[in-house]
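In: just need the structure, nothing else, for what follows:
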Amino acid sequence: MILLIFLPQFFHGTSALASPVAATSTRVNTVPMMHGATGISRRPSANAFSQAGRRPVLRRNAVEAPTMPAGTIVDDGMMTLTRFMIESAMKTRTEGQEDMVRLISSISVACKRIAALVQTAGISGSTGLAEGGGAVNVQGEEQKKLDVMSNDLLKASLRSSGKLGVIASEEEDDPVVVDELYSGEYVATFDPLDGSSNIDAAISTGTIFGVFKAPEECLVGDTESLSIREENCLQATLQPGANLVAAGYCMYSSSTILVMTTGDGLNGFTLDPTIGEFVLTHPNMQIPKRGKIYSMNEANYFDWDPKLQGYIDNLKKGEGSSGAKYSSRYIGSMVGDVHRTLLYGGIFAYPADAKNTNGKLRLLYEAAPMSLIFEQAGGKSIVGPNKRVLDVIPEQVHQRVPVFIGSPEDVDEVSAALA
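Out: Numbering: from 1, shown residues only. Next up, the predicted model:
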């Protein structure tokens, strides 16, 4: 075995026998040496990216930060989701705000856990179909392993908040009643893992959620026969989106982002993995009045209403109201497509077609929550000409509706085209 020892002092003209103190004193107030692939440089690299993440070298003659009196509380300026919710509750002091703190906190924990599952799915063997294939949800869709795992995580987190009486999920046949010990006065609807068909390809996915206030506290017994009051409690899930008291989504992509509203503006938070907290990165989000991107599954083009076909043709040719040619962007994961639309403007749509005459998106846990999110950001969302998604009263838990959602001018244009 040969041991090679590299002594940098020999290459800098410093004697190897020089004392540590002397060696240190010769480098005070000089530009720090940097060792690169091509040798040693005494000047910083011009490439800013090569210096990213490096801490500044502290020099002995640097100006020290002023000392604070003992007992002073210094605000570091970091606005975490927990802090944001607590401060919002303190400012508004409206009824139910403290409940929202607990609910959103529970949802954020579930999002962190689902994000971890998604990121390690290929390693842990969590990709593929549940039960080896054959497991189908009420929509007739084959369930992925992560669909089931995400659904269980969300139900457990929401139950532990102690504020929910009923939970309605895309993956459940019927609304789930929270047992009496943990029951509360809110109803949650959610799609635990939207876009799960893209999981195996590592494409962005997400969780969509909405929260309603139940007419009364939901306490449902364990007996098979339900009382009228208990049946009414389950019917509390069938509310129009206009009754939502909170809505949001978590997107699992290159970063994990939580976008949410409690009816007082829209804010976005990004998960900082170094501290395990969502940090405010997109305050008071507003969608552009008009965009230059449309997002639809054009494989269904020939099954669309001719009026919709004409609208899309005009966008492509630059013959729409704006006179600009639009670009097409479509991921196939609603959360990813909607998030891009929210940031850049334009329109996202999943219209009715010859195969899906009522549209394909579920009203309670996809269309309605996303519609509240967009309206809070200054956007619009309709099911057809001049009819808001939020005004639709659901008749079934898994009811589907067509959706046109995006920048206000773009939605107005498609509404006029369909009239």
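In: in contact with I107, which residues?
Out: Residues in contact with I107, defined by C-beta atoms under 8 Å, 6 or more residues apart in numbering, are L154, S157, L158, F209, G248, C250. From N, CA and C alone the C-beta is placed, and that goes for glycine too.
In: just put these in JSON lines and tack on neighbour count, pLDDT and secondary structure.
Out: Below are these laid out as JSON lines (neighbours: other C-beta atoms under 10 Å; pLDDT from 0 to 100; DSSP: H, G, I helix; E, B strand; the rest coil):
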{"residue": "L154", "neighbour count": "27", "pLDDT": "92", "secondary structure": "helix"}
{"residue": "S157", "neighbour count": "20", "pLDDT": "90", "secondary structure": "helix"}
{"residue": "L158", "neighbour count": "27", "pLDDT": "88", "secondary structure": "helix"}
{"residue": "F209", "neighbour count": "26", "pLDDT": "96", "secondary structure": "strand"}
{"residue": "G248", "neighbour count": "27", "pLDDT": "97", "secondary structure": "strand"}
{"residue": "C250", "neighbour count": "27", "pLDDT": "98", "secondary structure": "strand"}
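In: D412: which of those is nearest?
Out: D412 lies nearest to G248 out of those, by C-beta to C-beta, at 25.3 Å.
In: could you list the buried residues of the longest helix anywhere in the chain?
Out: Ranked by number of residues, the top helix in the chain under DSSP state H is helix 97-119. With burial defined by 16 or more other C-beta atoms under 10 Å, the residues of helix 97-119 counted as buried are 97, 99-115, 117-118.
In: and if you look at stretch 368-379?
Out: Applying a neighbour-count criterion of 16+ other C-beta under 10 Å, the buried positions in stretch 368-379 are A368, P369, M370, S371, L372, I373, F374, E375, Q376, A377, G379.
In: so for the longest helix of the chain, mean pLDDT?
Out: Confidence for helix 97-119, expressed as mean pLDDT, is 91.
In: ok, and for stretch 78-98, which residues are buried?
Out: Within stretch 78-98, the residues that qualify as buried by neighbour count (16+ other C-beta under 10 Å) are M79, T80, L81, F84, M85, S88, A89, G96, Q97.
In: quick one: the helices in this structure?
Out: When secondary structure is read from DSSP H, the chain shows helices at 8-11, 20-25, 81-92, 97-119, 121-124, 145-160, 228-235, 306-317, 334-344, 368-376, 408-418.
In: what is the mean pLDDT for the second one?
Out: For helix 20-25, the mean pLDDT works out to 40.
In: same thing with the first one?
Out: Per-residue confidence for helix 8-11 averages out to 44 on the pLDDT scale.
In: measure stretch 384-404 end to end?
Out: Between the opening and closing residues of stretch 384-404 we find a distance of 8 Å, counting by C-alpha to C-alpha, to the nearest Å.
In: off-centre distance for that stretch?
Out: Using C-alpha atoms, centre = their mean, to the nearest Å, the distance from the centre of stretch 384-404 to the centre of the chain it belongs to is 22 Å.
In: repeat that for stretch 100-109.
Out: On C-alpha atoms, centre = their mean, the centre of stretch 100-109 falls 14 Å from that of its chain.
In: hey, C-alpha coordinates of that stretch in CSV?
Out: Output of stretch 100-109 as CSV, limited to C-alpha atoms (Å, rounded to 0.1, in the frame of the first residue of the first chain):
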residue,chain,number,x,y,z
MET,A,100,-58.1,26.6,9.7
VAL,A,101,-54.6,26.7,11.3
ARG,A,102,-55.1,23.1,12.4
LEU,A,103,-56.6,21.9,9.2
ILE,A,104,-54.0,23.5,6.9
SER,A,105,-51.3,22.2,9.2
SER,A,106,-52.6,18.7,8.9
ILE,A,107,-52.8,18.9,5.2
SER,A,108,-49.3,20.3,4.9
VAL,A,109,-47.9,17.3,6.9
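In: contacts only, for the residue minimising distance to the centre of the chain.
Out: Geometric centre of the chain, nearest residue: C250, 2.3 Å, by C-alpha atoms, centre = their mean. For C250, the contacting residues are I107, C111, I114, A115, G206, T207, T256, I257, L258, V335, taking C-beta under 8 Å, 6+ apart as the criterion.
In: ditto for D412
Out: Listed by C-beta under 8 Å, 6+ apart, the contact partners of D412 are K380.
In: go again using 7 Å as the cut-off
Out: Residues in contact with D412, defined by C-beta atoms under 7 Å, 6 or more residues apart in numbering, are absent; none qualify.
In: quick one: it from G379, how far?
Out: Here the distance between D412 and G379 works out to 11 Å (C-beta to C-beta, to the nearest Å).
In: equivalent analysis for S254, please.
Out: Where G379 is concerned, S254 sits at a distance of 24 Å (C-beta to C-beta).
In: so what's S124 closest to, chain neighbours aside?
Out: Of all residues not flanking S124 in the chain, L117 sits nearest, at 7.7 Å (C-beta to C-beta, 6 or more residues apart in numbering).
In: verify the stated contact: the one you found with K145.
Out: No - L117 is beyond contact range of K145, at 9.3 Å (criterion: C-beta atoms under 7 Å).
In: so what sits against both of these two?
Out: For the pair L117 and K145, residues contacting each of them under the criterion C-beta under 7 Å, 6+ apart are S126.
In: could you list the low-pLDDT ranges of the stretch 101-250 of the chain?
Out: 128, 130-141, 179-183, 215-234 (pLDDT under 70).
In: switch to 80 and redo it
Out: Across the stretch 101-250 of the chain, the stretches falling below the confidence threshold (pLDDT under 80) are 122, 124-144, 165, 173-184, 214-237.
In: quick check, E277 in contact with R83.
Out: No - with contact taken as C-beta under 7 Å, E277 and R83 are classed as non-touching, separated by 9.0 Å.
In: any idea what the residue nearest to the centre of the chain is bridged to?
Out: T207, L258 (DSSP bridges).
In: can you offset everything so residue one is 37?
Out: Sure, I'll start counting at 37 from here, so that last one is C286.
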